[in-house]
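Visitor: Show me how the following folds:
(one chain, ligands or ions: 1)
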Amino acid sequence: MPTSVIDLPKLPDVSLYGSLGVSTSERLAFQRTLSKQRSPLVRGRILHRPLLLPCTPEACHEVLVTKAKHFEKAPGLRVLLYMFAGQGLFTSEGALWQRQRKLMSPIFQPAPMHQYAETMRQVATRAADRMRDGEAIDVAQETTRIAMSIVGKALFDADTFDDADALGAALTTALSWVNHNVGSPGLIAHVLLLDAIEALGAKTSGSLNELFESAHKKVSVPFLLPGVRDEKLRSAVKLLDERIQDMIDERRRQGFARKDLLTRLLTAQDEDKPGAHMSDKQVRDEAVTLFVAGHETTATALAWSFYLLAKNPEVRDRAQAEADAFGSDPITQWDPTKLEYCTRVFKEVLRLFPPVMMFPRRAIDDVEICGVTIPRKTLTFVSAYAQHYREDSYEDPHRFDPDRWLPQRESLRPKGSYLPFSAGPRFCIGVHFAMMEGPIVLATLLQRWRFEIDSQKTIEEDDFATLRPKGGVPAFVRSR
Ligand code: HEM
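Guide: Reported below is the predicted structural model:
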């Protein structure tokens, strides 16, 4: 058994960048190779930097859960999201992250989340009302609109909230900028520069060290990335700042009467420090983070859901039957037992197409994973995608089989083998929201419509910020 990184099996390089590749097809091929590895860990590289890749569920569980305190999120992510999401929960680290997670966790517990079930149903019903028999649509565009409106209503109590709204459009502009820069040479160059400054800083002390520290702070904001000086992006960020501040001021004037997430963020209190609230800037960063993290992921999973249902008519019929059983009763009271099958469908979709495929981490200190000593600063990528296609965790892993998630079968899965929401302290805070939204939207649309998708057509994956269906999901709407 290897005990040092250098003795681990090495993945072949697929491009000059190293083992990860640059194009979508290279990145997906890399993850498929990863899912076939028997060794708990393998090594690869990104440019000149060594990369450690946990392969087995146990190794992923150690990195994300049991040894989580030895890792931080990799710096590239911070650079990319800093521009418009600032220091929200997704990107912050250390004491700031701990404080924010503690403040925000009560808001995202299942009970307070249930009040948004009605919003989810209403938005999905509105979308179903707009559709016409025989109409050609892109399901992915529809689900984006639906998920954006749901998060817009939950966050800002905004009745119409989509990309036609100025705030929605500004957020979409900022998000597309992120999408275009994920894994870009500009981002890699930026991270390497940060790395070099950090390494030089570590070798110095006194005023020279302070100089490196301040240089590091300055280059922690994006400036090498293409388009960052783009007027469109700048005005989008400006509009975001102004509009969210206006909403914060309005909540304050009205004595925090609304029940939206923005109000809950503004009034969240630390139990240990009564009276201590988040600053307006922190609330703004969290709101933008929740908006981004909370709609693109669900929208993508919903788009894949309708694609897989169209390809698997027997599964679709069972999901439709469950939706039909509501009759004229609205799905207002969230009762997971009534949407058991749609929930299993959504879970299985998240296995086959995990919207967030990989979780980049960096070791803060030397740490042992599955008996191998990983040196401080080593980059490691945990791949949910690779876990979800492992044959030793899932029988016939390419098959769409929602019944894998029957409780008696689910309980047999090893820890670390199902990671759509990650695991450990940084697992998705919006998991209850998402696991309500997916089945409610599915059932609401299935009650009314069938989406006909060319059965011969296979839609490929496209890995932007999330794992999207390439070219969308073109479909014909058919009345039932
Ligand atoms: C199907 C839908 C969703 C998926 C697949 C998903 C997936 C994830 C994953 C994998 C992470 C962790 C990333 C990492 O460890 O590097 C994460 C974190 C996060 N998600 Fe989600 N998410 C979804 C929906 C949501 C929703 C609806 C919200 C909010 C309304 C949300 C808010 C967040 C936040 C704030 C974090 C950062 C948590 C932290 O670091 O403490 N997500 N999500």
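
Visitor: show me the contacts for Ser235.
Guide: Ala170 (C-beta atoms under 8 Å, 6 or more residues apart in numbering). All C-beta spots, glycine's among them, are computed from the backbone N, C-alpha and C.

Visitor: again with Glu460
Guide: Neighbours of Glu460 in contact, by C-beta under 8 Å, 6+ apart: Pro469, Lys470, Gly471.

Visitor: Could you measure from it over to the ligand?
Guide: 19 Å (C-beta to the nearest ligand atom, to the nearest Å).

Visitor: which stretches of the stretch 201-350 of the chain form helices?
Guide: 206-219, 231-253, 261-267, 280-311, 313-324, 340-352 (DSSP state H, counting those that start in this stretch).

Visitor: If you rank the contacts of Glu460 by neighbours, which is first?
Guide: Pro469 (21 neighbours; other C-beta atoms under 10 Å).

Visitor: Low-confidence bits of the stretch 301-450 of the chain, can you list those?
Guide: In the predicted model of the stretch 301-450 of the chain, residues 332-334 satisfy pLDDT under 70.

Visitor: what does it have sitting close to the ligand?
Guide: 301, 350, 355-356, 359, 420-422, 426, 428-430, 433-434 (C-beta under 6 Å from any ligand atom).

Visitor: just to revisit the earlier point, of all the contacts of Glu460, which comes closest to Val315?
Guide: Pro469 (17.7 Å; C-beta to C-beta).

Visitor: Which residues does that closest one form beta bridges with?
Guide: Glu461 (DSSP bridges).

Visitor: what's it in contact with, if anything?
Guide: Neighbours of Pro469 in contact, by C-beta under 8 Å, 6+ apart: Ala140, Thr300, Ala303, Trp304, Tyr307, Ile459, Glu460, Glu461, Asp462.

Visitor: If you count neighbours, what's buried in the helix or strand that contains Val477?
Guide: Taking DSSP states H and E as the definition, one finds Val477 inside strand 474-479. Buried residues in strand 474-479, counted by 16 or more other C-beta atoms under 10 Å: Pro474, Ala475, Val477.

Visitor: quick one: that strand to helix 280-311, angle?
Guide: Between strand 474-479 and helix 280-311, the angle comes out at 70 degrees (axes from the mean of the first three to the mean of the last three C-alpha atoms, to 10 degrees).

Visitor: contacts for strand 474-479?
Guide: 131-139, 306, 310, 448-454.

Visitor: mind listing what's buried in stretch 450-465?
Guide: Applying 16+ other C-beta under 10 Å to stretch 450-465 flags Arg450, Phe451, Ile453, Ile459, Glu461, Asp462, Asp463, Phe464, Ala465 as buried.

Visitor: Using pLDDT, spot the least trustworthy of those residues.
Guide: On pLDDT alone, Phe464 ranks lowest of these, at 70.

Visitor: For it, give me its contacts.
Guide: Per C-beta under 8 Å, 6+ apart, neighbours of Phe464: Asn179, His180, Val182.

Visitor: how near is it to Tyr341?
Guide: 30 Å (C-beta to C-beta, to the nearest Å).

Visitor: pLDDT weak spots in the stretch 101-250 of the chain?
Guide: 160-164, 183, 219, 222-226, 228-229.

Visitor: For it, just list every one of the strands.
Guide: 136-138 (DSSP state E, counting those that start in this stretch).

Visitor: and the stretch 151-300 of the chain, which residues reach the ligand?
Guide: So far as C-beta under 6 Å from any ligand atom goes, the stretch 151-300 of the chain lies against the ligand at Thr289, Leu290, Ala293, Gly294, Thr297, Thr298.

Visitor: Pipe the residues you listed into a markdown table and attach neighbour count per row.
Guide: Listed next are those as a markdown table, based on neighbours: other C-beta atoms under 10 Å:
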| residue | neighbour count |
| --- | --- |
| Thr289 | 22 |
| Leu290 | 26 |
| Ala293 | 22 |
| Gly294 | 24 |
| Thr297 | 23 |
| Thr298 | 29 |
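
Visitor: what about the residue nearest to Ser23 when sequence neighbours are not counted, neighbour count?
Guide: Sequence neighbours aside, Ser15 is the residue nearest to Ser23 in space, at 8.0 Å (criterion: C-beta to C-beta, 6 or more residues apart in numbering). For Ser15, the neighbour count with other C-beta under 10 Å is 13.

Visitor: Ser15 contacts Ala29, correct?
Guide: No. Counting by C-beta atoms under 8 Å, no contact exists between Ser15 and Ala29, whose distance comes to 10.6 Å.

Visitor: Can you tell me how far the residue nearest to Ser23 is from the ligand?
Guide: On the measure of C-beta to the nearest ligand atom, Ser15 and the ligand end up 24 Å apart.

Visitor: Identify the bridge partners of that residue.
Guide: Residues in beta-bridge contact with Ser15 (DSSP bridges): Gly18.

Visitor: Just the pLDDT for it.
Guide: Ser15 is given a pLDDT of 76.

Visitor: Next up, the contacts around the residue nearest to Asp403 when sequence neighbours are not counted.
Guide: Excluding the flanking residues, the one nearest Asp403 by C-beta to C-beta, 6+ apart is Arg344, at 6.6 Å. For Arg344, the contact set (C-beta under 8 Å, 6+ apart) comprises Pro402, Asp403, Arg404, Trp405, Leu406.

Visitor: Compare these and tell me which has the most neighbours.
Guide: Highest neighbour count within the contacts of Arg344: Pro402, with 23 neighbours (other C-beta under 10 Å).

Visitor: Could you find the closest non-adjacent residue to that one?
Guide: Using C-beta to C-beta, 6+ apart, the closest residue to Pro402 is Arg344 (3.9 Å).

Visitor: ok, now Leu265?
Guide: Val283 (4.9 Å).

Visitor: Next one: the one you found from Ala268, what distance?
Guide: 9 Å.

Visitor: Mind checking which of these two has more residues around it?
Guide: Val283 (22 against 19).

Visitor: now the more buried one: how far from Arg43?
Guide: 42 Å.

Visitor: Counting neighbours, what do you get for the nearest residue to Val5 once chain neighbours are set aside?
Guide: Leaving out its chain neighbours, the residue that sits closest to Val5 by C-beta to C-beta, 6+ apart is Arg43, at 5.8 Å. Using other C-beta under 10 Å, Arg43 has 22 neighbouring residues.

Visitor: Arg43 in helix, strand or coil?
Guide: strand (DSSP: H, G, I helix; E, B strand; the rest coil).

Visitor: partners of it in the sheet?
Guide: Lys10, Leu52.

Visitor: Surely it and Lys10 touch.
Guide: Yes. Using C-beta under 8 Å, Arg43 makes contact with Lys10 at a distance of 5.3 Å.

Visitor: which residue is nearest the middle of this structure?
Guide: Val356 (4.6 Å; C-alpha atoms, centre = their mean).

Visitor: so who does that one touch?
Guide: Thr297, Ala384, Pro420, Ser422, Thr466, Leu467.

Visitor: between the residues you listed, which is closest to Asp317?
Guide: Pro420 (24.9 Å).

Visitor: Let me see the contact set for the closest one.
Guide: Pro420 neighbours (C-beta under 8 Å, 6+ apart): Lys347, Leu350, Arg351, Pro354, Pro355, Val356, Ala384, His388.
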